[in-house]
Every structure is written in structure tokens, then in C-alpha cells.
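In: Predicted model and sequence follow; I will ask about them next.
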Amino acid sequence: MTRLGEDFVARVPNAVVNEQYKYYFTPDHWSPDARGRVLDPASYLWNSRIADPTTFTWTDSAWQPPPPRRMVIYQLNVGTFSGLNDPNGPTSFPARFADVAARAAELRALGVNAVLFNPVTSTPSLTYAGYSTLDPWSPEWSYGMPDDFKAVVDALHHEGIAVLCDLVWSHVDPNTALLWNYDGTQAYFETPAAQTPWGPQAAFGRAGVDDYYVDSALHWIEEYHVDGFRMDAAGVMAQDPHAEAGWALMQRFNDEARRRRPGVVTISESFPVQGSVVMPTSLGGAGFTAVYNGNYRWQVLYALPNNLGYSYYGYLPPVLTVWPGLTTGHQALNYIELHDDAWGPAGHRMIFDLAPTPGVVGDTAQARLEVALGVLMLTPGVPAMLMGDEWAETTAWGTTATNRIDWGLRTTNAGFYDYVRELVGLRTRTPALEADSPSVPTHWNYSDGVFGWLRYDDVGRLFLIVANLGDTDFPSYLIGAPHSGA
């Protein structure tokens, strides 16, 4: 290759789409294209393949994503989403991008308007669900090719559903990461490398390293039309020795992403909730749209009767208003469970915690889960649910064939599914229930576990929400309302 400024260029006149290639550095050191569009795991030491980014025909030119305050997010893992007792037909395992595209109308019928994908980038093994990445540029080969993921985005957009993708920048697996010893030297890492709980962290603060990661996000915005991102383990992005550099990188990521696509949604997985994470970069903040509200899950779980020994109705009131440290509702991503919470074998679905008898899920556990989902959808914040929650899934989240969600439960638990579908529809159609709309607690019955709160919109439409957290039915119960009428 011939050096041209900071680039190296070679012309291969007869190169064709799908042909394999690598970069040569020394007789003993070859590497795939770190920014390649296709990474082939079936080839020797991960060859890159030529792809043509212009072949896909987009049909979403009129698409406008919902603003964060209106979003109801559905977290989806491609490989385990479809195929088990699936009325849409069987699928291979792992399921593929095309299987998600074929079920976009099912997600619209549920009513969600944003899908948050677990990582769809290349990974050495699906065992870690993409959280052990090879590179942040190419789609995972076992799910499909670049055009296949573009077809997913296009299909979801046609159903009114935004697409959010997982970014894993905070750590790498040195045994498989393309950047590790990339050109025979540690161009992307210090020596010794900074460590996180999951592996080495790239040398944030180096121009080429920061360019690599930020450019990868812009690549997904522009070439794949995605609407936003979740940044995995953002809390360790700015830890020593990269405290300042990591923070600056997150600021640059948020600023450049919004310059390329105004309104892009970025969510930080960081604990605990800190206002600086969602503070504008002009004020020194990291600039994320929203931050994980990990406390929300525990507040709701412990407010309901459960078999963990921590049940107390008084845990509920904090979730009825905007979480402390935040200035508006859409800055909080609220959830009762997402993939980390339900990831077996250590994790499990919340419905098991709500069962009166540990390990035995029945009507009472489902009823308690209905209350938890009701609180999630009807309080301030952006609600996020895990795939399968819509029909009271009991299978642990994971990456093997045994972790596929069971579509048969949509029929078995039809009443539960209808409740969730109507609840989501109420949330997405009612401005007074949006993330940023005011919420005023008005009724506290700590002894019986009955709570009420008001939500309202800018034109005065008022809703009174009442939740009975306990297992006792009240044939008659009086709650004051602010005025007469519907």
C-alpha cells in the first residue's frame, strides 16, 4: 500500500463484493480491516469481506422517531427472540435479522415504539450476547449481512418503531479483539493496558483511538439509519486512568452524534443515577439523553409482596415523581427487569421473586407483575421492558436455544398479554402519561398498600391512577379526586 498523508492506499482493479481481504504488516502479522463492513468468522483468523454499502434500497425517507418522552422501549436479543412455539413459523437457531424483520408487525401490535437491541456487532461467541466484541463496525455474521440488518431497521421504521443499538466500548477480550496488538504493536492500548472488571480498556484520549470509536457510532447512524444507542458499562468509561479522557470521549460521542442526526437518543448504563451524565456537554456534563435508573427496579420489587424478605409498601412513593438528581422524566430509563437482571443461571425473571412460593409461578405472581408493569408505564420516566414480559415469560434471558422466549405463552397467558398491550397503548396515546408530564402523589395508604397519583398534560387533561400493591381485594374504597367528571 502507498502512504497518502495518514492513509495507506492500494488499488485492486478486479476486486468484487464478498471477496476476502486482510491487512499485512509483517510476515507473521496480518489483521482484518478494523473498520470493515463484514467480518467472516468461518475464514482463517477472521478475514474481512468486501461489501457494497449502496445496494440496499431504503424506503424510510419519511421516518421520524418518537421523542424520548413518548418512547416505550422493548429490549430484544436477535438470537433468542423468535422460533419457539412461534405462530409466525419456526426459525433457525440462533434466529437472524430477517426473523426480526418478519415480526416487526407483532411489535407494532404490542404497541411499543422503540426496540433496544442487545449488541448486533461482531462477536467471537454468542455466549456473551455480543458484550465481548470483535469490533464495533460490522454486524454479527451469524445474524446476517449488513443489508439484512438494514432490512430490520427499515421494517421497524415502517411500523413506527425506533431502533436503538448497544455500544460496547468500555472493554475488550484480548484473546479475540481485533484491536489487540493490531499491527504488531499496541496502537490502541497502553502497556500495560488499563483494566476494567471485564477486560482491557482502550487508550482513550489518543486521537486515533477516539476517532475509531466515535466514527463507528456515526457509521451506524448514517449507513444503518439507527435512531440511538445504549452505551454499555458507561460507568467504567471514565474510570482511572482514563477518568478525564473517557468523560471527554462520551461528550464527543454525544455531540457528534447529534450534529449528524439531531434528536438521536443516547442512554448511559451507569450506576447510581447522576445528573452530570445527562447534563449538557456545554455545562460539563456527558450529554446523554437518559441514564439507567437501577434503583427503580428495586423500589418497585420491594414495594410489592415478594419472597425475598424485603417487602414494604412504602418503597413505592419515590418512583411516583422524577427521580432525585434529574430535572425531567425522560432523563430516567426506568425498568423492572432488563437482560442483566434476568440473565441465567445467576439471574431470573422478576415473576419468580413475586411468587408467594419460591419457584412456583401462578396467578398471584402474574397479578403482582401486572401491578409492577402498570407502575412502570404510568409513572414519570422512559419505560423499558424485556422481551417476553408482555406474556409473563418465565425462561431466563440468555443466549442458548433454551433461552428462546416462548411465543406459546401469548396464548396461554392471553389475559396478561391483552392487559400489557392495552397498558402500552394507553401510555403511548396519552400525553398526560408521557415521561415528562407532571406527576403528583395524592393518596398514601401504607398499611393496605394503596397509592394514588395524578398525571396531567398542558391542556388540563387529568388522570388519577390508583395502584393496589397488596393481595387484598377491597369491595369498597374511597379516594378523593380533585374535581368531578371523567
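Out: Okay, I see it.
In: Would you point out which residue is most central in this protein?
Out: For the chain, the residue nearest the mean C-alpha position is residue 116 (3.8 Å; Cα atoms, centre = their mean).
In: Let's verify that residue: helix, strand, or coil?
Out: strand (DSSP: H, G, I helix; E, B strand; the rest coil).
In: residues contacting it?
Out: Residue 116 is in contact with 73-76, 164-166, 230, 267, 384, counting by Cβ atoms under 8 Å, 6 or more residues apart in numbering. For every residue, glycine as well, the C-beta is placed using N, CA and C.
In: Closest to residue 50 out of those residues?
Out: residue 165 (23.3 Å; Cβ to Cβ).
In: strand partners of the host helix or strand of the closest one, parallel vs antiparallel please.
Out: Per DSSP states H and E: residue 165 is located in strand 162-167. Its sheet considered, strand 162-167 pairs with strand 114-117 (parallel), strand 228-231 (parallel) by DSSP bridges.
In: Throw those strands into TSV and include distance to residue 366, thanks.
Out: Output for the strands paired with strand 162-167, formatted as TSV (distance: least, Cβ to Cβ, whole Å):
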stretch	distance to residue 366
strand 114-117	24
strand 228-231	28
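In: Reformat those strands as JSON lines; add mean pLDDT.
Out: As requested, these are exported to JSON lines (pLDDT from 0 to 100):
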{"stretch": "strand 114-117", "mean pLDDT": "98"}
{"stretch": "strand 228-231", "mean pLDDT": "98"}
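In: Quick one: closest of the ones you listed to residue 273.
Out: Residue 273 lies closest to strand 228-231 among these, at 15.0 Å (Cβ to Cβ).
In: Convert the C-alpha atoms of the closest one to CSV, please.
Out: C-alpha atoms of strand 228-231 as CSV (Å, rounded to 0.1, in the frame of the first residue of the first chain):
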residue,chain,number,x,y,z
GLY,A,228,-29.9,6.0,19.0
PHE,A,229,-27.7,4.0,21.3
ARG,A,230,-27.3,2.4,24.7
MET,A,231,-23.7,2.7,26.0
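In: For that strand, what is the distance to the chain centroid?
Out: Distance of strand 228-231 from the chain centroid (Cα atoms, centre = their mean, to the nearest Å) equals 7 Å.
In: ok, and what's touching that strand?
Out: Applying Cβ under 8 Å, 6+ apart, the external contacts of strand 228-231 come out as 65, 116, 162-167, 169-170, 217, 220, 237, 250, 253, 257, 264-269, 288-289.
In: just to revisit the earlier point, can you pull up the bridge partners for the residue nearest to the centre of the chain?
Out: residue 75, residue 164.
In: Residue 325 versus that one, what's the distance?
Out: 23 Å (Cβ to Cβ, to the nearest Å).
In: From the contacts of strand 228-231, which land in strands?
Out: Judged by DSSP state E, the subset of the contacts of strand 228-231 located in strands is 116, 162-167, 265-268.
In: of those residues, closest to residue 1?
Out: The nearest member of the ones in strands among the contacts of strand 228-231 to residue 1, counting by Cβ to Cβ, is residue 167 at 29.7 Å.
In: Counting neighbours, what do you get for the closest one?
Out: Residue 167 sits with 24 neighbouring residues when counted by other Cβ atoms under 10 Å.
In: Against residue 451, how distant is it?
Out: Here the criterion is Cβ to Cβ. By it, residue 167 lies 37 Å from residue 451.
In: hmm, back to that, mind giving me the PyMOL select for the contacts of residue 116, buried ones only?
Out: With 16 or more other Cβ atoms under 10 Å as the criterion, this PyMOL line picks the buried residues out of the contacts of residue 116:
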select buried, resi 73+74+75+76+164+165+166+230+267+384
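In: does the residue nearest to residue 188 when sequence neighbours are not counted sit in a helix, a strand or a coil?
Out: Excluding the flanking residues, the one nearest residue 188 by Cβ to Cβ, 6 or more residues apart in numbering is residue 179, at 4.1 Å. Secondary structure, three-state DSSP: residue 179 is coil.
In: wouldn't residue 179 be in contact with residue 173 here?
Out: No. Applying Cβ atoms under 8 Å as the test, residue 179 and residue 173 come out as separate, 10.7 Å apart.
In: Could you check which of those two is surrounded by more residues?
Out: Taking neighbours as other Cβ under 10 Å, residue 179 and residue 173 compare with residue 179 leading, 23 against 18.
In: Got phi/psi on that one?
Out: Backbone torsions for residue 179, taken as degrees, to the nearest 10, come to phi -80, psi -20.
In: pLDDT at it, what is it?
Out: Residue 179 is assigned a predicted lDDT (pLDDT) of 91.
In: Ok, residue 28 next?
Out: What the model reports for residue 28 is a pLDDT of 88.
In: when you give positions from now on, start the count at 57
Out: Sounds good: first residue 57 from here, last item residue 84.
In: Next one: it from residue 386, what distance?
Out: Counting by Cβ to Cβ, the gap from residue 84 to residue 386 is 52 Å.
In: okay, the two: which has more neighbours?
Out: residue 386 (23 against 6).
In: Quick check: phi and psi on that one?
Out: Backbone torsions for residue 386, taken as degrees, to the nearest 10, come to phi -70, psi -10.
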